[in-house]
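Student: next comes the sequence, and after it the predicted model I'd like to discuss.
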2 protein chains.
Amino acid sequence: MTVEEQVLARIRPSPEEEARIENVVRELLERLRATLKSKGWEAKPFLAGSVAKGTHLTGTEIDVFVAFPPNLPRADLEERGLALGKILEKGTHRYAEHPYTRGWYGGFEVEIVPCYRITDATQRMSAVDRTPLHVDYVLGRVKEGQTDEIRLLKAWAEGIGVYGAEAKILGFSGYLCELLVLKYGTFRGVLEASLSWRPGIVLELDRAPGRTFPEPLTVVDPVDPNRNVASAVSVEQLATFVHAAREYLQSPSERFFFPRPLKPLSVAKLRAAVKRRGGGLLAISIPAPAVTDDVLYPQLRKGHRAFLDLFHRHEFHVFDSRFDLAGKEAIFLFEFAVDSLPRVSRHVGPPVWVKNAKEFLDKWRRNPKTIAGPFVEGERWAVDVARDVTAASAVAKAKWRELSIGKDLEKAARRSSQIRPGASALRAGYAEAWTRLFDKRFPWER
Amino acid sequence: MTVEEQVLARIRPSPEEEARIENVVRELLERLRATLKSKGWEAKPFLAGSVAKGTHLTGTEIDVFVAFPPNLPRADLEERGLALGKILEKGTHRYAEHPYTRGWYGGFEVEIVPCYRITDATQRMSAVDRTPLHVDYVLGRVKEGQTDEIRLLKAWAEGIGVYGAEAKILGFSGYLCELLVLKYGTFRGVLEASLSWRPGIVLELDRAPGRTFPEPLTVVDPVDPNRNVASAVSVEQLATFVHAAREYLQSPSERFFFPRPLKPLSVAKLRAAVKRRGGGLLAISIPAPAVTDDVLYPQLRKGHRAFLDLFHRHEFHVFDSRFDLAGKEAIFLFEFAVDSLPRVSRHVGPPVWVKNAKEFLDKWRRNPKTIAGPFVEGERWAVDVARDVTAASAVAKAKWRELSIGKDLEKAARRSSQIRPGASALRAGYAEAWTRLFDKRFPWER
């Protein structure tokens, strides 16, 4: 058996699983229809997602959409959609463009999502409303055997860590994987084609782009040419995809599909690594706010950027950093090349010839913070002044309240936050996150 | 008495000194004429410099030029010029554009300088040959009482530290001071005019510039419009001049002309200052080569720049630095914001899409210096590698031989050089130089 046959044997649902899925789908649709009828609501439930397209992997979730007429008020759509979700076990409400319910049914994870019934992309619509059109497009184009090629691409992307358009991953969505296989024919065809991708490349199927897209990778949505199906893909994930493709084609291995899980280093081993590397450490932790990943991750990214900017503004040099969720905490980890600075720092002022140079002199002459000067440096005024704080951790402590780190995260941080410099940053609970910072191997290399 | 009258009383030679100068000049010219006659050399000795122009300060040196016919071979000019210099006591040979003799006569420092007799600037000439034309120009234009105004400007420029076009100062020459007073009438007229100077300004007397000049300040030489009399003036010295002028006009004081000498801090006080400032120190010393200041200072400047570049390339952050002569040593002093770095450092390589990315991977995969990676960062390859050295002093020790620090300085450094980090950099012999680095007051503020 080839690598890919072996992989398919592991990722393709068995006939028995397919039968169970079919039963669950039939039951769900029947119960939804019955409920709609009893309530007198005009709407049509239908199967969506990868199961509808026959491109699902084993252990899939099941997506059921309920299409309401376009003239139904938005508030009613939301209320009715959530009411229908009550048929799920352990259901929780989620909020994307429309609120929806996620829960369990017959041993499968299930989403029940309300949407507006639309028939083409010229109608105003949300990503959710567009989903049925995606199902139709793929079902109408997919050839005999290509569903397995799609399954391979999805599992491969998952294995190398680039599967999913959500904020946490910024990678390749299921629909994007489907379109790529439709365009290039096979899993390997996609990988071979990717070797010539460059940031800015535009790929299309049937329809030309309706506008220009700013993202590194553009795949024009054939059901809506104004949309880039690959809009989430970051340049780093694109680069990882291309590199992994080159490596895989040279030497195919199941390891790409099923990488070994990251083995976190012990705190003792982390300590040894830190000693060898020599950088300064800092861990900032905030209780993770109870919001979905797609709300939380953009805030984590924003907070991370805000801390980096803060350190940069204060002339500390962050060597490497990352953010993560560790248990119930959102954590920001920093490895510094420079995490402490001299007390003395230099302010460079206006050129000597400029009129308001006098303001600079008036401000700094005999200022208690002035250590030396003002003096002339080149053609400008400069002054040596005392820093308020000389350690990166002290800057974080003094200034984090002024940063813009995202609504929910900020609220959580105001209740409680921890700033741990040096050895205290290497807590057992953060071991996996620190390991990810120091161990730069790709998943298939572990 | 006004400040300026008081200053003039101190800087203007007394009638008695003038009489002694006249005697020395007469004797010198007579002896030179006699020697020329006895040797049968056709040449004419004449007085040059500030004494010739009547703009000299008390304790002046006396410049005697000997003009040879333009058709005399260069080698003969040099040989005869130095032979004439033998009439001086403790004479030493100096090398500018022509070699000349510097020594003592009748209690005055005297230079005897050979030159070619020329009558206007269209003839090919060196700066030395041009000097008689400068004397004629100033003598032909200077008005009653203006010699005192020139004396004030020279003494003021000396006091604020910007007098002298030589490589050590990069400031205002005597001839430049004379031209400025001829242009603006008085000492104060020059200071007032300077308040509107900006880098790039071009000043002229009688003749328009013959070309464009790149320097911050241009004063077109009225005897040679292709020459900028202010070509030596650095932007920092220009800025200091303008700032000092503003300060002086607001509140005139003898302190500008006669600043208190810098009082070097004791090593104990320097240590306390360093502790308060918090920066790292490094002193590099090289035996000063036995060459004139005008040869040495450009090499010191070049060496200084080379060390700064070296530290910058290795990611150390120099906060402030200077070079100086301390006794028989040329010294380079550095105050660091960052003088030690972690072992780990990051090399960023080519984008993942670039063909020769493979070379980067081949070089760093399984390289003994590799700490982590290669990995993808954005769209590029990167790798964490171990630094060879983590201290700025170690970089200086390992690499100074590769630097381009000037011929004589380099030769001296190969014989012996000292690199002193931290507390050992604060030697008593370097106290004045360190004090100049930390004490940024202008001379008149001391």
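Tutor: That came through fine.

Student: now the closest residue in space to residue A:391 that isn't next to it in sequence: how far from residue B:81?
Tutor: In space, residue A:391 comes closest to residue A:340 once its chain neighbours are excluded; the distance is 5.1 Å by Cβ to Cβ, 6 or more residues apart in numbering or on different chains. All C-beta atoms are positioned from the backbone trio N, CA, C, and that covers glycine. For residue A:340, the distance to residue B:81 equals 61 Å [Cβ to Cβ, to the nearest Å].

Student: who has more neighbours out of these two?
Tutor: The neighbour comparison of residue A:340 against residue B:81 (other Cβ atoms under 10 Å in any protein chain shown) goes to residue B:81, with 23 against 16.

Student: what sits against the more buried one?
Tutor: B:66, B:68, B:98-101, B:112-114 (Cβ atoms under 8 Å, 6 or more residues apart in numbering or on different chains).

Student: swap in residue A:408?
Tutor: A:289, A:291, A:295-296, A:299.

Student: average pLDDT for the helix or strand it falls within?
Tutor: Assigned by DSSP states H and E, residue A:408 falls within helix A:407-415. The average pLDDT within helix A:407-415 is 93.

Student: ok, now how distant is the closest residue to residue A:231 other than its chain neighbours from chain B?
Tutor: Distance criterion Cβ to Cβ, 6+ apart; nearest residue to residue A:231, sequence neighbours excluded, is residue A:215 at 5.2 Å. To chain B, residue A:215 is 13 Å away according to Cβ to the nearest Cβ, to the nearest Å.

Student: doesn't residue A:215 fall inside a helix?
Tutor: No - using DSSP: H, G, I helix; E, B strand; the rest coil, the assignment for residue A:215 is coil, not a helix.

Student: helices along the stretch 1-150 of chain A, start to end?
Tutor: A:3-11, A:15-39, A:49-53, A:74-84, A:127-141, A:146-160 (DSSP state H, counting those that start in this stretch).

Student: swap in the stretch 151-300 of chain A?
Tutor: A:174-184, A:187-194, A:235-250, A:254-257, A:267-277, A:293-313.

Student: just name the most buried of these.
Tutor: Most buried of the helices of the stretch 151-300 of chain A by mean neighbour count (mean count of other Cβ atoms under 10 Å in any protein chain shown) is helix A:174-184; its value is a mean of 23.

Student: hmm, who's touching that one?
Tutor: By Cβ under 8 Å, 6+ apart, the residues outside helix A:174-184 that reach it are A:49-50, A:53, A:55, A:134, A:138, A:141-142, A:146, A:149-150, A:153-154, A:157, A:163, A:165, A:172, A:187, A:189-190, A:192-193, A:203, A:205, A:219, A:222, A:229-230, A:233.

Student: any quick PyMOL command for the buried ones out of those?
Tutor: Here is the PyMOL command that selects only those of the contacts of helix A:174-184 that count as buried (16 or more other Cβ atoms under 10 Å in any protein chain shown):
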select buried, chain A and resi 49+50+53+55+134+138+141+142+146+149+150+153+154+157+163+165+172+187+190+203+219+222+229+230+233
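
Student: and chain B, which of the contacts of helix A:174-184 reach it?
Tutor: When contact is defined as Cβ under 8 Å from any Cβ of the partner chain, those do not meet chain B at all.

Student: let me know the pLDDT of the residue located most distally from the centre of chain A.
Tutor: No residue in chain A sits farther from the centre than residue A:366, which is 51.5 Å out by Cα atoms, centre = their mean. Residue A:366 is assigned a predicted lDDT (pLDDT) of 88.

Student: how is chain A divided into domains?
Tutor: Domain assignment for chain A by automatic domain parsing gives A:3-130, A:146-257, A:267-341+A:390-445, A:344-386.

Student: any stretches of chain A with poor pLDDT?
Tutor: A:120-125 (pLDDT under 70).

Student: now the residue of the stretch 151-300 of chain A found nearest chain B. Nearest residue, chain neighbours left out?
Tutor: Per Cβ to the nearest Cβ, residue A:278 is where the stretch 151-300 of chain A lies closest to chain B, at 3.4 Å. In this structure, residue A:278 finds its nearest non-sequential neighbour in residue B:342, 3.4 Å apart by Cβ to Cβ, 6+ apart.
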